[in-house]
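no sequence on this one, just coordinates:
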């Protein structure tokens, strides 16, 4: 209170002290708050208070976990987030709807296609436009490729955290092939921003189908390779089976989604449960687990990769021709050739690039099934070219809540396995 | 007398140089092999095929700032890395590298010392190695280091028992603790791995645990404890821990080769002594490859599972093995098999 008073006094010129003294005083107080005891008396002997992260090899970014340990046993886990806060949600409000697209991949660098997709779907709902089928199919193909690549990063880091370091490099070898496909389509490997409200930024290049087909022909044998190293490995099983168990009720109560929820036996996959895009046209299964432990999460994600391959194969077979973007020039610019010849096209182009697309007032929520769970975008429009508010429902944020339930009572080594199996992306948690 | 003295000094120098070079090239070997196993290339820039990489690493570490944490126990902090290297080097004294050589009319034994308690000496030095880890963990005054030190002490103590008992089976077969005698008893391809396969397997597992190598690398489990007991160490002190670990690997492989794989024995080794030395180092290299291979393949065990494996599986198995071996030895000595037929 005194500090605030001092600050007010200083601002109003009542305090004769300079800014430097005030700064010094604030710093001292901060230091006082930071001086926490490192040992505490517990029921069975002293407890070590350990600050794990934000710089630690296996907190998957800048997650800070505050641990209370009795020997190697974890008594309490408290996640502390916010080290990667970028203010992306707020930044959306200052960007036009098209510009917002480039912000979406920056939240979750591993599933950037999905973020863009959900954002575009929400804006399309507000605009009430139907996107052409070719765009929907390409979105599905790109999305499922991204799901595989995201799961590959999860698999690699998960295995690395448990000590099987080779799997990491094998997984990244295949991820590299997916990134090459992305580069072929968009010119970027990670921050693609390929989708636009109303379709795709541009059509897929020649030879895309062949490259994807050869990749999905190869991939199943590579997944077998990872499984050969891990699935029946007794050490792997010991480290993962019965570790970090969570039941379906708790998981649902904590609004956990994605593979973590499915590992508890709940077949909740938005692609099946609330089909969006063209997912109702594909045949695929929703893999579920039974025990809800780290091993089941592993099995579910491995199976999901195989299902994604199935979806990509079907989508490639059915890939229709036609435009890649809606023919509504209030939303999508007219083709470049027309601009030189048609006055209206020129005006549309000029309006879109100066004023931006005007979105009717209202609000919309669009959710899709990302690699980590439900990715949702809630967009509120006031009729202008910039959103009034954008909120992102990020799966990692909700999934991280359950870490205390899973890890308390286990060992430090289990905690590492549990973090890896949650597959959090901190950029998405802090936004 | 003087000649003997000079001979011993020369042999010590040679062995130390060989071990230090072996350590340096073991790091290169490990990085190249593990890179090939992981579809990478590995260090190949410094010198031909990256052969000067160990030198570059050494120079780099030498010029690193040597940090001693403010709250550390300075004396113990300095002592710990020394304790990591010295026992490993000392243990090499009892290894027979090859058959006797005649040079300038003198018969030179290719070992530094043939003491009649060589194996006890080796196991004792192995236990001393625990102190480096525990002291490093404690003296750093860092929580991760402390946890690493605790893990290491528990792990090494529990695995030493099983290791001692698996060695005992071989000792009973030869009736000697001397490695020189044990190697000689395996002449003509009668390797003890054929007679004692179980003891060999137990020894190999405990060997991985003793040297803190994957899948038993819990004390320095990077993903859990950052760098475990040597989190706070930098520069040459950090390098000394590595040196201790790799020399330990070479020496313990040498012991395993002498105990179970016939040491320097092999075709024509008696006639051409240099061939014996070559056989010895080839066999050691096989173990080295095994170490690297395990690291590339296996996930890390969990702490409690590690203790269970040590106390509930390996210890009873090695005890049973000792009992069975003892019965067999008694039967052999009393001519029981002769009575049977």
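Here it is on my side, so go on. All of these numbers come straight from a predicted model, not from anything done at the bench. Numbers count the residues shown, from 1 in each chain, chains lettered A, B, ... in the order given.

number of nearby residues for residue B:54?
By the criterion of other Cβ atoms under 10 Å in any protein chain shown, residue B:54 has 21 neighbours. C-beta here means a position set from N, CA and C on the backbone, and glycine is covered the same way.

can I assume it is in contact with residue B:31?
No. Residue B:54 is beyond contact range of residue B:31, at 9.4 Å (criterion: Cβ atoms under 8 Å).

Now name the helix or strand holding the residue of the stretch 1-150 of chain A found nearest chain B.
In the stretch 1-150 of chain A, the residue that lies nearest chain B is residue A:58 (4.1 Å; Cβ to the nearest Cβ). Take DSSP states H and E as the rule and residue A:58 turns out to sit in neither a helix nor a strand.

ditto for residue B:154
Per DSSP H and E: residue B:154 is located in helix B:143-174.

Just after the one helix or strand residue A:118 maps to, pick out the following helix or strand.
Using DSSP H and E, the element containing residue A:118 is helix A:112-127. Note on helix A:112-127: by DSSP H and E, the next helix or strand toward the C-terminus is helix A:133-162.

quick one: buried residues of that next one?
By neighbour count on 16 or more other Cβ atoms under 10 Å in any protein chain shown, the buried set for helix A:133-162 is A:133-162.

excluding its backbone neighbours, what's nearest the residue nearest the centre of chain B?
Residue closest to the average C-alpha location in chain B (Cα atoms, centre = their mean): residue B:252, at 2.2 Å. Nearest non-adjacent residue to residue B:252, counting by Cβ to Cβ, 6 or more residues apart in numbering or on different chains: residue B:207, 5.2 Å away.

In chain A, which residue sits closest to chain B?
Distances between chain A and chain B by Cβ to the nearest Cβ are smallest at residue A:163, namely 2.9 Å.

Nearest residue to that residue in space, please, no chain neighbours.
Spatially, and ignoring its direct neighbours in sequence, residue A:163 is nearest to residue B:300 (2.9 Å; Cβ to Cβ, 6+ apart).

Could you pull out the strands in the chain for me?
In the absence of a named chain, this looks at chain A. Under the criterion DSSP state E, strands of chain A are mapped to A:39-42, A:45-52, A:64-70, A:73-80, A:195-196, A:199-200, A:362-370, A:373-381, A:387-393.

Sorry, I should have been clearer: chain B.
B:98-103, B:106-110.

These into CSV, with extra columns for mean neighbour count?
Formatted as CSV, those follow (neighbours: other Cβ atoms under 10 Å in any protein chain shown):
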stretch, mean neighbour count
strand B:98-103, 16
strand B:106-110, 14
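
closest to chain A out of those strands?
Of all the strands of chain B, it is strand B:98-103 that lies closest to chain A, at 36.0 Å by Cβ to the nearest Cβ.

Which elements pack onto that closest one?
The contact analysis (3 or more Cβ pairs under 8 Å, 6 or more residues apart in numbering or on different chains; DSSP states H and E) places strand B:98-103 against strand B:106-110, helix B:273-297.

In JSON lines, list the strands of chain B along with mean pLDDT.
Listed next are the strands of chain B as JSON lines, based on pLDDT from 0 to 100:
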{"stretch": "strand B:98-103", "mean pLDDT": "75"}
{"stretch": "strand B:106-110", "mean pLDDT": "75"}
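
Throw the ones you listed into a markdown table and include distance to residue B:163, thanks.
Listed next are these as a markdown table, based on distance: least, Cβ to Cβ, whole Å:
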| stretch | distance to residue B:163 |
| --- | --- |
| strand B:98-103 | 25 |
| strand B:106-110 | 25 |
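
Those strands: which one's closest to residue A:418?
Checking the strands of chain B against residue A:418 by Cβ to Cβ gives strand B:98-103 as the closest, at 52.2 Å.

ok, that closest one: who's next to it in the sheet?
In the sheet, strand B:98-103 lines up against strand B:106-110 (antiparallel) (DSSP bridges).

Tell me the residues of the stretch 1-150 of chain A that contact chain B?
For the stretch 1-150 of chain A, the residues in contact with chain B (Cβ under 8 Å from any Cβ of the partner chain) are A:38, A:48, A:50, A:56-58, A:71-72.

Single out whichever of these has the smallest pLDDT.
Among the residues of the stretch 1-150 of chain A next to chain B, residue A:38 has the lowest pLDDT, at 58.

Which single residue of chain B ends up nearest chain A?
Going by Cβ to the nearest Cβ, chain A is nearest to residue B:300 of chain B, at 2.9 Å.
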